[in-house]
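Asks: Sequence first, predicted model second:
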Amino acid sequence: MIKSLLSRSVAIGLSCYASTALSGDMVLYMFKDGAAAEGFQVAVNGSATKPVKEDGSVTFNLGGGDHEAVLTSDQGEELMKFRFTAAADQNADISIDVEEGEEPEVLVETYSVNENDAQRAEGVQGGVGGEVYDSDSDAVIAGATIKLIGTSYEGVADEEGYFEFSAPRGVYTAVVSHPDYGSREVQDFRVVSLVDKQVNFALSKFSDDIEEVEVVAKYSPDEFVDKERFSLNVVDVLDAAAMSRFGDSSAGDALKRVAGVSLVGGKYAVVRGLQGRFISSTLNGGTMPSTNPTRRDVPLDLFPSSVLGGIEIEKSYTPELPGDTTGGSINMVTKAIPAELVNELSVGTGFVTGVTFEDALTYTGSNSDWLGFDDGVRELPSNVDSFTNFGAPGSLSICSGSNCFPGQITPEQAAVLGKSFNTIYEVKTKTAEPEIDLSYAYGDSYDVGDGGEFGFYTAVAYGSGWANRQDAKIDDALDSGVYDYRRSVYEVDLNGYLVMNYADAGGNNSYTSKTIFLRNTTDTTREDVGVDKEERDTTDVILQWIENQYISQQLAGEHFFDGESNKLDWHFTYGNTSRYEPDRRAYQIINGNIDVINLERRYGDLTENAIDFGIDYAYVADFNADVSTTFKTGLYTSVKDRDAKIARFGFLPKVDNTGRTFEEIFAPAEFDAFNIEPSVKSSETDSYKSTDNIYAWYLSTETRITEAWDLLAGLRVEAATQELKYPYKPEADNTYDTNEVLPVMAVTWRVAEEWQLRGSLSQTLSRPGITERSETTFYDPETDDEFVGQPNLVISTITNYDLRAEYYFGEEDSLSIAVFFKDISQPIEVGKFSCSAGACDGYTFANQESATLAGLELDLATQLFDNGEWSGFLSGNFSYIDSNVKLTPATSNSEYGSPSSRQLQGQSDYLANMQIGFDHFNTGQQITLLANYFSDRIFRVESTVPNKIEKGRIQLDAVYQWSINEDIALNAKVLNITNEKVEYLREDEVVESYLNGVAFKVGFDFNF
């Protein structure tokens, strides 16, 4: 029997329950003697209790699996408990009827969020009733129609403005209409099984709003809590709503707000004091090939927030994670299909002080630079490419006169090759245009076949803008010299994304395809003017164009069977990255003269393919009402192959070029007169091919021993092989094989309803990457520092200890305290370890004896107030991290000051974040203030001069959002408000500094 919930005279606001693919909610209604009940508390899965509201309802977000609900009185007395099962993509409607002197009656109805109309029509019905009235005069509106779209279910308001009707439980779009008022849509309108729900609608002839419907998405810190709270390991979660609220444009922007996480260069994560070699990064659970030959980690600024549905940072290890999850595992999850039509256009622009409408450095490029594609201007001339086999070492040998040996060319032939290179060297200036941001997204879901559902979502985006280091200085007489410098970067982003999903009639089988195209192009012009360490007037110039591209195709499936006690997941991912760096020009002008002999033109082309396959199986065994175990096992394979090519060219002058210009030195007549000739500068190890393969399997058990205790135990076995081959130096080829067993044990103790304590002990590893083991010389694109790999590097093993206490003191309030300790054997560090007589060959890599790392993290989220018109929240975190690296004798002797130990590179002692936000519901406005801080950290380890330290700094941002109406929203933000100077130190002396400027950005979102 459908129970009467409230009398007509009680008006309650409509709650909007989101119904997105693969996410479910539980709605519970309490009745006592047939009426809505108050004075009760409900907890699910050991969560903090939530009070039953005056309408008798309480709501929880659910994950898939078995759930336990506990009903208590307001005084804390346990009245009953019951268990139910809901899959990850199912909603649950629960009603509890308490009759005096009788056992409570519990009714549970679960259904797929992806069910079609036919399935929904067979569901248990619920009732809907309420009043429709004029918000301006409070007069009732007779004749108004309330209809559930796509169904025949509707109600018509009578002479007193009252309507009522019944419909099958489920989530609908409702339309409220009247000839004098027009129509209003109410999204995510939920009808609850066996419950009559009253909803009053207030319409206005002068507004498109429905007063009782919350049309502004309210941010709540609680949105982060569920996964963090119910996971068996230490995890932090960022969702798309948070990234939007905080104005984050990329994964990198978002991650720096997580406790214990900082960024280097705005794109590379340092998690709990550990850099990329200790961090695993995945996209939808699949590993990604690298786009930067100088690093093994993934540049996080490559992943725009427009395609991200969320980011999961798992800080403690579990067997299903990659074995190099030491600092953490960063899993970027792209957006899923929408529950309803999405048709959105976003446009934006930006202004940066000291950059926009100011002079920026540049040079003559191609006509298609604005798209991020070079049209061939920078391409290696085809005749030079074919003749030298892309700059193969020793491929350009010029004979003297007519006496040519095999493989040599005549001076005349060399002249033809030399004249093929363009003569674009001069630095120019141009006015920097405002930033441009354009994006469009479209998606929908449809019922197909015999009860199945198909959905898709696609998005495309274009962005471009300028960055300019202002008031930039280098005052480093011990190492490089004293310079004023300018560095301008023009950046273009092109992105595309398509996701398709099919779920069968029962929601037991779903199949997903995700296609991703990400492209980032940077055009950098740098000019340093000053005095070098040899006291010569010097101008250093670098012209650099880099195209980074990532293409990925992923297929995945999720299958429940045998009463949902068994679950099988699988994924297959193909990824391709490319890094194209055509015609990087670097030269010096010393005492007014061009240093021709050291001028270099470099052409780089790197392609990496990755195939990633994983299959995971889980079985849930219930032993009794309190004890259950989830058994998990899985297989994983990652196969990567890389083809890296670098061609270096220079010129050999045969005459004195003192006082001459580029046009004079490289004039065609000069080549014809043999006054200058081209040369190949490539080394034998500049180009290489590599493979990097990982094969793994794991076993684990997750057991709920009692209501208070959960235990996880398992292991992972990983075998890895790396192979490097040098086509021009085969004797340098090398291989590397490892086979490791990685055990883990974790326990969660729910001390009380609000408190829980979790701890874990695990073993992880850190393998040297391909770039770290290759003998290729490469350059950091940000600093132009030279690096060379070390083929003798070995694996590092790590023992991890983690402990976190969590306190949930309200629906939207939580506090956590975490401590961790890591014991690392043979950690890999970077420095100038190959120096003799004051001369260094650049930075390289070396295993050290050992390292320890310990830290403390505090994380707080709380709602400050909510009075129905305004609400405010505060969230933040603080981290203290301490590390100590015990150096090998060889490293100690080569480092400046011969220390026996020091802290890890990139590790800050202190990290802090704070966000405070306010919402005004009636006008749909939000404002958020954000602060981010990191303390000093080692940037470069040196040999002949003190280490280079990046000085800590704070960044303040402000984000404003206004939902003007249902179709238009305004977004504005101010970034880097204080414009604090970026500084690098040597023994407390500033050796480099610059300003980035304050950024002002504004945009509009249009929903159609």
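Replies: That came through fine.
Asks: hey, what's Ala999 bridged with?
Replies: Applying DSSP bridges to Ala999 gives these bridge partners: Val352, Leu975.
Asks: Run through the residues that contact it.
Replies: Residues near Ala999 by CB atoms under 8 Å, 6 or more residues apart in numbering: 350-353, 973-976. Every C-beta, even on glycine, is put in place using the N, C-alpha and C of the backbone.
Asks: same deal with Ile542?
Replies: Under the criterion of CB under 8 Å, 6+ apart, the neighbours of Ile542 are 524-526, 584-586, 784.
Asks: Where does the prediction get shaky in the stretch 451-600 of the chain?
Replies: Along the stretch 451-600 of the chain, the model assigns pLDDT under 70 to residues 563-564.
Asks: can you pull out the helices in the stretch 151-300 of the chain?
Replies: Here the stretch 151-300 of the chain has its helices, by DSSP state H, counting those that start in this stretch, at 225-230, 240-245, 251-255.
Asks: And these, which one averages the lowest pLDDT?
Replies: For those, mean pLDDT drops lowest on helix 225-230, to a mean of 55.
Asks: So for Arg758, what's the nearest residue that isn't a sequence neighbour?
Replies: Nearest residue to Arg758, sequence neighbours excluded (CB to CB, 6 or more residues apart in numbering): Thr748, at 4.5 Å.
Asks: Gln925 too?
Replies: If the residues on either side of it in the chain are set aside, Gln925 comes closest to Trp962, at 4.9 Å by CB to CB, 6+ apart.
Asks: so Ala854 bridges to which residues?
Replies: With DSSP bridges as the rule, Ala854 is bridged to Phe821, Asp882.
Asks: quick one: it and Thr661, what's the gap?
Replies: Per CB to CB, to the nearest Å, Ala854 is found 59 Å from Thr661.
Asks: And for Asp643?
Replies: 39 Å.
Asks: Kindly report the same for Val680.
Replies: In terms of CB to CB, Val680 sits 25 Å off from Thr661.
Asks: next one: Ala69
Replies: 81 Å.
Asks: what does Leu887 give?
Replies: Per CB to CB, Leu887 is found 49 Å from Thr661.
Asks: Who are the contact partners of the closest residue to Gln125 other than its chain neighbours?
Replies: Nearest residue to Gln125 in three dimensions, chain neighbours excluded: Ser166, at 4.8 Å (CB to CB, 6+ apart). By CB under 8 Å, 6+ apart, Ser166 lies in contact with 2, 125-128, 153.
Asks: okay, now Asn847: neighbour count?
Replies: Counted with other CB atoms under 10 Å, residues neighbouring Asn847 total 19.
Asks: any idea how far it lies from Gly831?
Replies: Asn847 sits 12 Å away from Gly831, going by CB to CB.
Asks: again, but for Ile611
Replies: Separation of Ile611 from Gly831 (CB to CB) stands at 35 Å.
Asks: ok, those two, which is more surrounded?
Replies: Legend: neighbour count by other CB under 10 Å for Ile611 and Gly831, higher for Gly831 (24 against 17).
Asks: Apart from its neighbours in sequence, what residue is nearest that one?
Replies: In this structure, Gly831 finds its nearest non-sequential neighbour in Val941, 3.4 Å apart by CB to CB, 6+ apart.
Asks: Now do the same contact list for the one you found.
Replies: By CB under 8 Å, 6+ apart, the contact list for Val941 reads 829-832, 895, 902, 905, 947.
Asks: now swap in Asp866 and tell me
Replies: Counting by CB under 8 Å, 6+ apart, Asp866 makes contact with Gly872.
Asks: Can you show me the helices along the stretch 301-450 of the chain?
Replies: Per DSSP H, counting those that start in this stretch, the stretch 301-450 of the chain carries helices over the ranges 382-388, 411-420.
Asks: counting contacts, what elements does the last one pack onto?
Replies: For helix 411-420, the packing partners by 3 or more CB pairs under 8 Å, 6 or more residues apart in numbering; DSSP states H and E come out as helix 382-388, helix 668-672, strand 676-680.
Asks: Which of the ones you listed sits closest to Ile798?
Replies: Closest to Ile798 of the helices and strands packed on helix 411-420 is strand 676-680 (CB to CB; 43.5 Å).
Asks: Isn't Arg648 up against Gly604?
Replies: No. Applying CB atoms under 8 Å, one finds Arg648 not in contact with Gly604, separated by 9.4 Å.
Asks: Report the beta-bridge partners for the residue nearest to Gln125.
Replies: Beta-bridge pairing for Ser166 (DSSP bridges): Gly127.
Asks: how near is it to Tyr910?
Replies: Distance, Ser166 to Tyr910, using CB to CB: 60 Å.
Asks: Neighbours of Ala673, how many?
Replies: Ala673, neighbours per other CB under 10 Å, totals 13.
Asks: Contact partners for Ile546?
Replies: Ile546 makes contact with 521-522, 524, 579-581, 781 under the criterion CB under 8 Å, 6+ apart.
Asks: In helices, which of those fall?
Replies: Among the contacts of Ile546, no member is found in helices (DSSP state H).
Asks: Export the residues you listed as TSV, with columns for distance to Asp859 and neighbour count.
Replies: Formatted as TSV, these follow (distance: CB to CB, whole Å; neighbours: other CB atoms under 10 Å):
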residue	distance to Asp859	neighbour count
Thr521	37	22
Thr522	35	18
Thr524	37	21
Arg579	36	20
Tyr580	41	19
Glu581	41	20
Pro781	34	22
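Asks: for the spatially most central residue of the chain, what are its contacts?
Replies: What sits nearest the mean C-alpha location of the chain, by CA atoms, centre = their mean, is Ala251, with 3.0 Å. For Ala251, the contact set (CB under 8 Å, 6+ apart) comprises 300-301, 303, 305, 308, 311, 330, 332.
Asks: Which secondary structure state does Gln876 sit in?
Replies: For residue 876 the amino acid is Gly, not Gln. Three-state assignment for Gly876 (DSSP: H, G, I helix; E, B strand; the rest coil): strand.
Asks: That one: neighbour count?
Replies: Gly876 has 18 nearby residues by other CB under 10 Å.
Asks: for Pro781, phi and psi?
Replies: With angles defined as degrees, to the nearest 10, Pro781 sits at phi -70, psi -20.
Asks: Return the per-residue confidence for it.
Replies: With respect to pLDDT, Pro781 has a value of 74.
Asks: still on that earlier bit, with neighbour numbers in mind, choose between Val680 and Thr661.
Replies: Val680 (18 against 13).
Asks: what sits against the closest residue to the more buried one other than its chain neighbours?
Replies: Closest residue in space to Val680, ignoring its immediate chain neighbours: Leu396 at 4.3 Å, by CB to CB, 6+ apart. Counting by CB under 8 Å, 6+ apart, Leu396 touches 387-388, 409, 414, 417, 678-680.
Asks: By pLDDT, rank the residues you listed and give me the bottom one.
Replies: Lowest pLDDT of these: Ile409, 85.
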